[in-house]
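1. Predicted model and sequence follow; I will ask about them next.
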Amino acid sequence: MNRSFFHGLKGSSVILRLRETLSFFRTYARDIGRFLLYATFPVIIIENFLSYYATVYNYPPEIYSLSIIIHFFYQPIYTGGLIFLISKIVSGEEWSIKGCLLVGFACWVKLLFVNIISSLFIILGLIAFIFPGLIVFARLSLAEFNVVLERQRPIDALLRSSRVTKGFTWQIIGSVFLLSAMLLGIKLLINLLIATFSLEYLPVFMVSELIVIILWSSLTILLFRFYDLATKASQQLDIQLAQ
């Protein structure tokens with residue numbers, strides 16, 4: 001991880017992770033935004049077209065559900081590309097939108113399986129009680145990074161994530177909770193502005209959706225930071241055990 005973004009930052013672990021994340025996002029927002037514009041805007045057009053007309057013209061509810069399904073299946077592609085992009089930025093290597101998207105497409109099936117499996121475990125944990133669901137989320141939160149950056153199979157990626165995040169569980173929960181609260185507040189504000197100024201037009205919805213996706217990329221940055229920390233901690237532990 002590029003230490004220049006974190007030098008001099010002080011505070012509790014949770015606050016420090018947030019400050020690191022926001023610092024990285026501010027520095028590379030243009031690169032991240034450019035990638036996500038190309039990677040997500042075509043599917044944003046389709047999603048918003050379906051949901052907008054389903055709402056305005058009272059199309060069957062299945063049409064609205066279709067937009068959700070499209071996003072669910074496409075999301076692993078741009079998430080995989082975003083993870084690869086962040087890794088290239090951190091390492092100081094050259095990157096391209098095409099290269100990042102190709103990685104996302106190459107990892108699509110594995111990432112989809114990871115999302116399905118982890119979602120099922122998280123839902124079961126939330127049903128059992130809220131805290132088990134949060135713990136499961138934290139322990140499996142780095143599986144996508146293992147798929148993209150370590151080229152691991154879904155089950156191996158989930159198992160490795162569960163192992164390396166053991167010492168970071170509550171930091172991940174706290175950091176993700178605070179960052180998600182901030183992002184949800186911003187999204188609510190955007191929706192409020194659209195409603196207040198009567199901007200309920202399809203192009204406005206599409207632009208606002210793109211802005212929200214770009215802002216939510218900071219969550220991937222946050223988890224990438226934990227991936228870096230957890231990986232290094234695991235490597236140090238392996239060295240100690242080997243001695």
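-> Looks like it arrived, so ask away. This structure is a prediction, so every number in the text was calculated from the model and none was measured. Numbering: from 1, shown residues only.

2. how far is the longest helix seen in the chain from where the chain is centred?
-> The residue-count maximum for a helix in the chain (DSSP state H) belongs to helix 13-56. Averaging C-alpha positions (Cα atoms, centre = their mean, to the nearest Å) puts helix 13-56 9 Å from its chain's average.

3. So which elements touch the helix or strand following that helix?
-> For helix 13-56, the following helix or strand on the C-terminal side (DSSP states H and E) is helix 61-91. The contact analysis (3 or more Cβ pairs under 8 Å, 6 or more residues apart in numbering; DSSP states H and E) places helix 61-91 against helix 13-56, helix 97-106, helix 108-128, helix 143-150, helix 202-242. Glycine gets a C-beta too; all of them are placed from N, C-alpha and C.

4. so how far is helix 61-91 from its chain's centroid?
-> 9 Å.

5. and what of stretch 83-101?
-> Distance of stretch 83-101 from the chain centroid (Cα atoms, centre = their mean) equals 15 Å.

6. Give me the contacts around it.
-> Stretch 83-101 is contacted by residues 1-2, 28, 31-32, 34-35, 38-39, 77-78, 81-82, 103-104, 144-145, 148-149, 220-221, 224, 228 when judged by Cβ atoms under 8 Å, 6 or more residues apart in numbering.

7. re the thing from before, nearest to Thr165, of the helices and strands packed on helix 61-91?
-> Nearest of the helices and strands packed on helix 61-91 to Thr165, taken as Cβ to Cβ: helix 202-242 at 5.5 Å.

8. Please pick the buried ones from the contacts of stretch 83-101.
-> With neighbours counted using 16 or more other Cβ atoms under 10 Å, those contain these buried positions: 1, 28, 32, 35, 39, 77-78, 81-82, 103-104, 144-145, 148-149, 220-221, 224, 228.

9. Could I have the CA atoms of stretch 110-117 written out in PDB?
-> This file holds the C-alpha atoms of stretch 110-117, laid out as PDB (Å, rounded to 0.1, in the frame of the first residue of the first chain):
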ATOM      1  CA  LYS A 110     -16.100 -16.600  -9.500                       C
ATOM      2  CA  LEU A 111     -17.200 -13.200  -8.100                       C
ATOM      3  CA  LEU A 112     -20.800 -14.100  -8.700                       C
ATOM      4  CA  PHE A 113     -20.500 -17.300  -6.700                       C
ATOM      5  CA  VAL A 114     -18.700 -15.500  -3.900                       C
ATOM      6  CA  ASN A 115     -21.500 -12.900  -3.800                       C
ATOM      7  CA  ILE A 116     -24.200 -15.600  -3.700                       C
ATOM      8  CA  ILE A 117     -22.600 -17.700  -1.100                       C
END
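
10. now it, how far from the centre of its chain.
-> Mean-position distance between stretch 110-117 and its chain equals 14 Å (Cα atoms, centre = their mean).

11. Buried residues, it. List them.
-> 110-115, 117.

12. And for stretch 145-159?
-> 145-149, 152, 154, 157-158.

13. for the longest helix of the chain, packing partners?
-> When contacts are defined as 3+ Cβ pairs under 8 Å, 6+ apart, helix 13-56 sits against helix 61-91, helix 97-106, helix 169-196, helix 202-242.

14. between it and helix 61-91, how many degrees?
-> Interaxial angle, helix 13-56 versus helix 61-91 (axes from the mean of the first three to the mean of the last three Cα atoms, to 10 degrees): 150 degrees.
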